[in-house]
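[1] Just a sequence and a predicted model for now, questions to come.
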Amino acid sequence: MASKVLDFYIDFTSPFTYLCNIKLPDLVAKYGYQLSYHPIDIPTAKLAAGNYGPSNRQVPAKIRALMQDLNRWAAHYGVPFTFPKGLNAWRMNIGTFYAIEKGKARQYVDEAYRLVWADGIDPNDDAVLRGLATKVGLDADAFMSYVSSREGEKAYEASRVAAHARGVYGVPIMMVDDQIWWGNDRLMFVEEYLKAHAA
């Protein structure tokens, strides 16, 4: 019997997905599930879902509270938190498909989130992307070709379209069966469900 799958919608520009990813992979494995990563683009997902509001960064009162909250969560999990130098993660997101194909999905996602939200790097920097590929055991030249290729763009576009069709409007979103959870603060509810429906 095939193991059950938890679909995990991610975007490396999301700090709450960085936090979610600290706990989720081990939680999913604990109950016999496989984690399936689905990179999307937050602004595209919001617009596709009909959310035309401003980004959090454009609402000073919200960003102030948000930054405090992020720092609290990072301290709670015992992980570093640094706001990154850039927030264009398209190529890094596309690289996830290459890592999945090469059997390095978890290593890639873990390291990419660490680089962006623990080290605070620019996710669109060529040197960063090359270093990321090398660190997780991918061919850096082939990886760099893929993240700027039409093939990579098509995989990313297909992922975004499929996510919208399934009702994904942001990240981190986790789905199993007909259940949907949004946010790292929902992991206790994810665990309740996985425990009750262990694979």
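    Received the coordinates, thanks.
[2] For stretch 30-45, give the mean pLDDT please.
    For stretch 30-45, the mean per-residue pLDDT is 91.
[3] what comes up buried for that stretch?
    For stretch 30-45, the neighbour count (16 or more other C-beta atoms under 10 Å) marks 31, 33, 35, 37-42, 44-45 as buried. To be clear about C-beta, it is placed using only N, CA and C from the backbone, and glycine gets the same treatment.
[4] Need the pLDDT of the closest residue to residue 30 other than its chain neighbours.
    Of all residues not flanking residue 30 in the chain, residue 194 sits nearest, at 7.7 Å (C-beta to C-beta, 6 or more residues apart in numbering). At residue 194, the model reports a pLDDT of 97.
[5] and residue 194, how many residues sit next to it?
    Applying other C-beta atoms under 10 Å, we find 21 other residues in the vicinity of residue 194.
[6] same thing with the one 3 residues further on?
    Each residue near residue 197 was counted by other C-beta under 10 Å, and the total is 14.
[7] show me the residues around it that make contact.
    4, 31, 176-177 (C-beta atoms under 8 Å, 6 or more residues apart in numbering).
[8] Residue 6: which element?
    Under the criterion of DSSP states H and E, residue 6 resides in strand 5-10.
[9] same for that strand, what does it pack against?
    Under the contact definition 3 or more C-beta pairs under 8 Å, 6 or more residues apart in numbering; DSSP states H and E, strand 5-10 sits against helix 15-30, strand 34-39, strand 173-176.
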